[in-house]
Structures are given as C-alpha cells and as structure tokens.
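[1] compute the structure for the input listed below.
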Amino acid sequence: MVARVKDVYEIINRSYPYCLQEDYDNSGIMADCGRDIDRIVVALDITNSVVDYAVSVGAQMIVSHHPVIFRPIRCVPYQSPLRKLIESGISAVSAHTNFDIAEGGVNDALASKLDLHDVKPVFKVSEKSVNGEMRRNYIGRAGYTGSVMQPEEFAVHTAKCLLGRTSIEFVNGGRPIRHVAVGGGACGEFVFECLDNHIDAFVTGEAKHHELIYAKDNGITLIAAGHYATENVALEALAETLQKALPNVDVLITIVDNPISFTR
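    Take a look at the predicted model:
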C-alpha cells in the first residue's frame with residue numbers, strides 16, 4: 001500500500017501536532033506533486049544535494065525539519081532547491097517548530113543523546129489552543145546528568161555525543177554541573193532564563209556574543225554545538241514515526257549537508 005502527501009502530513013500531525021507551531025513558522029505541506037509515495041527521504045534541510053539524493057534513490061517525497069519555504073517568495077531562482085524539487089516531481093512536508101516543541105521531538109532527542117534523565121519541559125515561548133484547551137508551548141528541555149561533572153568534562157561529553165570528537169567551543173561557568181538545559185538550533189536567547197530555572201549548563205546550537213558574555217558573568221556553562229548537530233539527532237525519531245505508520249514505505253535518512261567543516 002502506497003501513501004499520499006496528505007497521509008504523511010496526518011501521521012506527523014498526530015505525533016507532532018501542527019497546531020503547536022509558532023506563529024512565525026511555515027511548517028506543513030511545502031509541495032504536493034500528486035505522486036504515490038513508496039519511498040521517503042528524511043532530512044534536516046531540503047537542499048539541492050538532498051533533492052539529488054532523493055532522485056538517486058527513487059524517492060517521491062522529502063520530509064524535512066526546516067521548511068524549504070519559510071517566508072513568502074516572489075520568485076524561484078534557477079539554483080533554488082524548490083525549483084529542483086518540483087521539477088523532479090518530489091513532494092515535501094516539513095515539521096519545524098512543532099517538532100521542536102512536541103513530546104518526542106527535537107529537544108527530547110537532544111536530551112536523550114546527552115544521557116540526561118528526569119527530563120522536563122523548560123523555557124515557555126507561547127500559549128496555543130489545542131482541542132479547545134490552552135496549552136503552554138515549551139521550546140526546551142531540562143534534565144540531570146548521571147553524576148556531577150566539571151564544565152570541561154561536560155563539554156567533552158557533549159562534543160563526543162553530538163560531534164564524534166573531543167574538542168568544542170564553550171563558555172566555562174566555573175561551577176559543577178548536574179542540571180542541564182537543551183534547546184536545539186538557535187535558542188541562545190534562553191540563556192537569560194537559566195538562572196531562574198537553576199540550570200548549571202545550557203546546550204544549544206547557536207548563541208550570540210552577548211549571550212555568551214551573560215553566561216560567563218552568571219556562572220552558566222554554555223555550549224553552542226552547532227545548529228546542525230543539535231537538531232540532526234532528531235531525524236531518527238521522525239523517521240521511526242513515519243516507518244511505524246507506513247510499514248510498506250521505505251523511509252531513508254540522509255547523511256549529507258552539514259554546511260560546517262572542521263580542520264584536522
């Protein structure tokens with residue numbers, strides 16, 4: 001039994017409800033080329049190389065975290081992944097801030113990857129009406145390390161878990177770490193809420209200079225591990241959700257397109 005675009009959308013909606021997405025977001029159906037779907041590629045972003053990969057494996061659909069259409073568009077340039085996507089007859093659905101916020105989404109996956117336990121929501125961003133009831137949206141998660149760790153020890157642990165290496169840039173908060181918050185992607189602004197939530201260390205994808213300074217001045221160990229590294233960890237959960245609901249459809253995860261390179 002093959003699937004259609006609306007089937008994939010509804011599967012995602014059941015696990016990571018689209019009603020949770022932030023007002024600025026554009027999660028959902030990006031392109032519906034009307035084809036039956038028997039192979040799906042799951043990716044962090046829809047780039048030209050991801051579309052090429054989807055074509056090479058015979059996929060009819062890409063499910064991405066980041067929307068390929070985020071802001072209103074006035075034209076589609078020749079080099080645009082959107083042009084290549086539609087010309088290739090490949091449909092696309094995204095799950096962005098709803099996947100960040102929902103239980104089992106990006107930030108739960110990130111907390112799990114870092115071996116945190118007793119994980120709970122943290123950092124309220126908005127309130128949404130879900131089935132007629134108001135629900136608080138939390139963009140991050142907070143949990144506890146298995147034992148007390150020193151800042152550099154925790155930084156090395158994070159680097160190994162997310163980057164497969166031992167070096168990483170971090171702000172040393174200068175105090176032992178037990179309670180850790182995570183916010184995948186561009187969540188550096190939530191460092192200002194760490195003190196009120198008794199957070200010792202904060203792992204995010206990106207942080208601005210003044211956010212790093214605040215962390216240093218307030219004894220918070222802050223690790224900006226990269227947007228890709230803090231969100232790519234959740235693709236497996238998204239793929240598993242789709243595969244479980246669509247046992248007759250092949251679901252593949254791309255392993256391409258981290259735009260960051262590291263020197264040796």
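[2] any low-confidence regions in this structure?
    The chain contains residues with pLDDT under 70 at 1, 256-257, 264.
[3] quick check: which element contains Leu222?
    Taking DSSP states H and E as the criterion, Leu222 maps to strand 221-224.
[4] gap between that strand and the chain center?
    17 Å (Cα atoms, centre = their mean, to the nearest Å).
[5] cool, stretch 120-127 as well?
    That offset, for stretch 120-127, works out to 16 Å (Cα atoms, centre = their mean).
[6] just the helices from this protein, written as ranges.
    Shown for the chain, the helices assigned by DSSP state H span residues 5-15, 48-56, 81-87, 97-101, 106-113, 151-163, 209-217, 227-232, 235-245.
[7] out of these, deepest packed?
    Mean neighbours per residue, mean count of other Cβ atoms under 10 Å, is largest over the helices of the chain for helix 97-101, with a mean of 27. C-betas here are computed from N, CA, C, even on glycine.
[8] what sits up against stretch 151-159?
    Outside of stretch 151-159, the residues within contact range by Cβ atoms under 8 Å, 6 or more residues apart in numbering are 114-115, 145, 149, 165-168, 170, 172-175, 177, 180, 201, 203, 221, 223, 225.
[9] thinking again about what came up before, out of the helices of the chain, the one nearest Asp25 is which?
    helix 97-101 (4.5 Å; Cβ to Cβ).
[10] rewinding a little: of all the helices of the chain, which one is nearest Gly185?
    Closest among those, using Cβ to Cβ: helix 227-232, at 5.3 Å.
[11] so which other helices or strands are in contact with the closest one?
    helix 106-113, helix 151-163 (3 or more Cβ pairs under 8 Å, 6 or more residues apart in numbering; DSSP states H and E).
[12] pull the residues that contact that helix.
    44, 65, 106, 110, 162-163, 182-186, 203-206, 258-260.
[13] which of the contacts of stretch 151-159 fall in strands?
    Counting by DSSP state E, these place 145, 149, 170, 177, 180, 201, 203, 221, 223 in strands.
[14] quick one: which of those residues is nearest Asp100?
    Using Cβ to Cβ, those come closest to Asp100 at Val203, 14.3 Å.
[15] who is the closest one paired with across the strands?
    Val182, Ile223 (DSSP bridges).
[16] swap in Val122?
    Gly140.
[17] same check, this time on the one 5 residues further on
    Using DSSP bridges, the beta-bridge partners of Glu127 come out as Arg136.
[18] quick one, what contacts it?
    134-137.
[19] and it, how close does it get to Glu133?
    In this view, Glu127 and Glu133 are 10 Å apart by Cβ to Cβ, to the nearest Å.
[20] how far does stretch 21-39 stretch from one end to the other?
    End-to-end distance for stretch 21-39: 26 Å, by Cα to Cα, to the nearest Å.
[21] pretty sure Arg135 contacts Lys128?
    Yes. Here Arg135 reaches Lys128: they are 5.4 Å apart, a contact under Cβ atoms under 8 Å.
[22] shared neighbours, the two?
    Leu20.
[23] look at those two and report which has more neighbours.
    The neighbour count for Arg135 versus Lys128, taken as other Cβ atoms under 10 Å, is higher for Lys128 (18 against 15).
[24] before we move on, back to that, could you dump the helices and strands packed on helix 227-232 into JSON lines and include distance to Gln60?
    What follows is the helices and strands packed on helix 227-232, written out as JSON lines (distance: least, Cβ to Cβ, whole Å):
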{"stretch": "helix 106-113", "distance to Gln60": "25"}
{"stretch": "helix 151-163", "distance to Gln60": "31"}
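[25] can you check which of those helices gets nearest to Ser49?
    Nearest of these (Cβ to Cβ): helix 151-163, 20.8 Å.
[26] ok, now which ones touch the residue nearest to Thr241 when sequence neighbours are not counted?
    Closest residue to Thr241 apart from its sequence neighbours, by Cβ to Cβ, 6 or more residues apart in numbering: Ser15 at 5.0 Å. Shown in contact with Ser15 (Cβ under 8 Å, 6+ apart): 102, 104, 241.
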